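Colleague: requesting a structural model of the entry that follows:
(2 chains)
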Amino acid sequence: MKKNILSQLHNLKDIKPDKQWKTESQEFLRAHISGGVETGVFSKVMVWVKDFAKVSSQPAFALSAFVLILVTGVIFSNPILSDAKPNDSLYIARIISEKAQLNMTFNKESRDKLSAQFATNHAKDITNLMNDPDFHSQEDSEGKIANLSNDFNKEINSARESINNINEREKNNYINNINNNVDIDSDSESIDLANDDEGLVFSADTKKDDKGLEINVQTDNNSETISSLENNETASSTDQAIVEDIEKAEDNTSTNEQNASSTLNQLQSMTDEVDKEGGDVNETSKALDDAQRLFNETKYQEALDKLNEVEQLLVGASADISEESSLE
Amino acid sequence: MSSSLLKQFKESNLSSRSLQKDKQAFIQIYNLYVDDIYRFIYFKVGHREEAQDISSDVFLKAWDYIILNKVDKSKNLKALFYKIARNTVIDYYRSKKNTSSLDSLENTDLNDIKQDPQAITEIKHEYERILKLLNNIKEEYKEIIILKHINELSWDEISQALGKSKGSLRVLLHRASKALEEEDKKDLAIKEGKL
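Modeller: Numbering: from 1, shown residues only, chains lettered A, B, ... in the order given. The predicted structure follows:
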């Protein structure tokens, strides 16, 4: 049907009865139905439940409910399930909940930290279980121990991988920062030179060709070239001025050298910072290695101490990330 | 989406409670549907006062059916109102034995829509034209167009109200739309002096 006819038909919805008639009719109806019943609370509740079931069968409602349950589940289930141990039936639910939480973390760095934390926690749980004498006295404990050892190594590798990712990312970030800072410094130096009191613009091109070294000096009003190796003997009164200009240019060169040296110092301090950050990550990796070694040597309590150490380092790193995020 | 679901839930809840003879729920259902039922009847009988009388009658009859347990509780209450309205209009025609021509819209409450008198006049002209087109097509075509395009009932509700299958209703609406378009073309041709 044509759109204009359809819109005209829709407009006919505006035709309504008189308000006065509606009120009177309602009063009349109210008087007529006064013989009806007041529904009890129980039947009202039953009606609500039935209607809710009717509406909830619709796809839009089902989708909204699914999303709500998913989000709520991710938010609230993790603390409840965090106590589940590797030999518990709820342990698989905990793993699923953690996976969902990881998938809902969009910041790559936070996700890696979270992944490393989860892996460390799993490793700790396995170590705790292995450290329990009752566990070893159970039936089929040998098979379980073999499986758990395998799982432990997988978790340690997973944690290590996440930590390496973090390390790589931090290094890349620092290198980018250094590049940006160097660019900024060089820009500011050329501005300084251009704003010289006497308006001198100095540039030295070291072109070593068959004619030898050539120095170009530009002043505000003129531009002259001295070819030192050509030995042009055109000594005149302007030579003295040119020599003075060269001296000033040399002074500027020494200033540039000082600036370059300060930039180098900055670079050195940033590199030190990178090394320090890398040191933290290396410390975490080393602690993980130690934990793995101690676990394989069945020194479970010591392995547990090392894993606690890893956990502390990761918690500190997470706090740093959240601080950076809030600053951004 | 959520407001639509909420409205559906409210309607469904009031209907269920009304079918359980809840007076308050029935009054609320009356407030919810009275405009639509009045409009449906008005387009059929063409007179405001008679449309009002029949509308009141529809709700009274519906309540009586509920009280006498004559209503299938699995049925849609809205569809029941339309079914009663339709039958009451048929009874009205039987007793009157005259053809309908729509009242002028002079007394229709359009002041809610626009305050500008010129705009109201324009709207009334537009209404009168489309009403004239509706009156020129078959009764069953007019009915399906009112139910689907003006009162915006679902196919399920129309199917229950008219007692026809959804497939046949779709075919009926298609034919009704064609007929209305033809009438529109004719009307425009008359205005342009081609006919």
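Colleague: contacts and neighbour counts: CA atoms only from here.
Modeller: Fine.
Colleague: let me know the secondary structure of the residue of the stretch 151-300 of chain A at minimum distance from chain B.
Modeller: Closest residue of the stretch 151-300 of chain A to chain B, C-alpha to the nearest C-alpha: A:S162 (41.2 Å). Assigned with DSSP: H, G, I helix; E, B strand; the rest coil, A:S162 falls in the helix class.
Colleague: tell me the average confidence for the strand or helix carrying B:L188?
Modeller: Assigned by DSSP states H and E, B:L188 belongs to helix B:166-192. Across helix B:166-192, pLDDT averages out at 91.
Colleague: and stretch A:119-135, by the same measure?
Modeller: On average, stretch A:119-135 scores 84.
Colleague: tell me the domain ranges of chain B?
Modeller: As given by automatic domain parsing, the domain ranges for chain B are B:1-103, B:137-195.
Colleague: sorry, back to before: in the helix holding B:L188, what counts as buried?
Modeller: Neighbour-count burial for helix B:166-192, counted by 16 or more other C-alpha atoms under 10 Å in any protein chain shown, picks out B:L169, B:L172, B:L173, B:A176, B:S177, B:A179, B:L180, B:E181, B:E183, B:D184, B:D187.
Colleague: separation between the first one and B:S159?
Modeller: Counting by C-alpha to C-alpha, to the nearest Å, the gap from B:L169 to B:S159 is 7 Å.
Colleague: same thing with B:L173?
Modeller: 12 Å.
Colleague: go on, A:I96?
Modeller: 47 Å.
Colleague: which of the buried residues of helix B:166-192 are close to chain A?
Modeller: When contact is defined as C-alpha under 8 Å from any C-alpha of the partner chain, the buried residues of helix B:166-192 meet chain A at B:S177, B:E181.
Colleague: from the buried residues of helix B:166-192, which is closest to chain A?
Modeller: Nearest to chain A among the buried residues of helix B:166-192, counting by C-alpha to the nearest C-alpha, is B:S177 at 5.8 Å.
Colleague: report the buried residues of stretch A:164-171.
Modeller: A:N164, A:N165, A:I166, A:N167, A:E170, A:K171.
Colleague: any regions of the stretch 151-300 of chain A where pLDDT drops low?
Modeller: Scanning the stretch 151-300 of chain A for pLDDT under 70 picks out A:181-239, A:260, A:263-264, A:266-281.
Colleague: tell me where the stretch 51-200 of chain A has helices.
Modeller: Using DSSP state H, counting those that start in this stretch, the helices of the stretch 51-200 of chain A run over A:59-81, A:91-103, A:108-131, A:133-137, A:141-194.
Colleague: ok, chain B next?
Modeller: Taking DSSP state H as the criterion, chain B contains helices spanning B:2-19, B:23-45, B:48-67, B:77-96, B:117-136, B:139-145, B:155-162, B:166-192.
Colleague: related to what we said a few turns ago, closest to A:K16 out of the helices of the stretch 51-200 of chain A?
Modeller: With C-alpha to C-alpha as the criterion, A:K16 lies closest to helix A:59-81 of those, at 31.7 Å.
Colleague: hmm, B:K23 is touching A:I33, no?
Modeller: Yes. With contact defined as C-alpha atoms under 8 Å, B:K23 counts as touching A:I33 (6.6 Å).
Colleague: sorry, back to before: ranking the helices of the stretch 51-200 of chain A by burial, who's on top?
Modeller: Counting by mean count of other C-alpha atoms under 10 Å in any protein chain shown, helix A:108-131 has the highest mean neighbour count of these, with a mean of 21.
Colleague: that one versus helix A:141-194: what angle between them?
Modeller: Using axes from the mean of the first three to the mean of the last three C-alpha atoms, to 10 degrees, the direction of helix A:108-131 lies 150 degrees away from that of helix A:141-194.
Colleague: contacts for helix A:108-131, please.
Modeller: A:85-86, A:98, A:102, A:105, A:135-136, A:145, A:148, A:151-152, A:155-156, A:158-160, A:162-163, A:165-166, A:169, A:295, A:300-301, A:303-304, A:307-308, A:310-311, A:314-315, A:317-318, A:321 (C-alpha atoms under 8 Å, 6 or more residues apart in numbering or on different chains).
Colleague: rewinding a little: mind putting the buried residues of stretch A:164-171 in JSON lines, distance to B:T88 included?
Modeller: Output for the buried residues of stretch A:164-171, formatted as JSON lines (distance: C-alpha to C-alpha, whole Å):
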{"residue": "A:N164", "distance to B:T88": "81"}
{"residue": "A:N165", "distance to B:T88": "78"}
{"residue": "A:I166", "distance to B:T88": "78"}
{"residue": "A:N167", "distance to B:T88": "81"}
{"residue": "A:E170", "distance to B:T88": "80"}
{"residue": "A:K171", "distance to B:T88": "83"}
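Colleague: make JSON lines from the helices of chain B and add distance to A:V71 to it.
Modeller: Rendered in JSON lines, the data for the helices of chain B read as follows (distance: least, C-alpha to C-alpha, whole Å):
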{"stretch": "helix B:2-19", "distance to A:V71": "18"}
{"stretch": "helix B:23-45", "distance to A:V71": "36"}
{"stretch": "helix B:48-67", "distance to A:V71": "44"}
{"stretch": "helix B:77-96", "distance to A:V71": "37"}
{"stretch": "helix B:117-136", "distance to A:V71": "49"}
{"stretch": "helix B:139-145", "distance to A:V71": "44"}
{"stretch": "helix B:155-162", "distance to A:V71": "35"}
{"stretch": "helix B:166-192", "distance to A:V71": "39"}
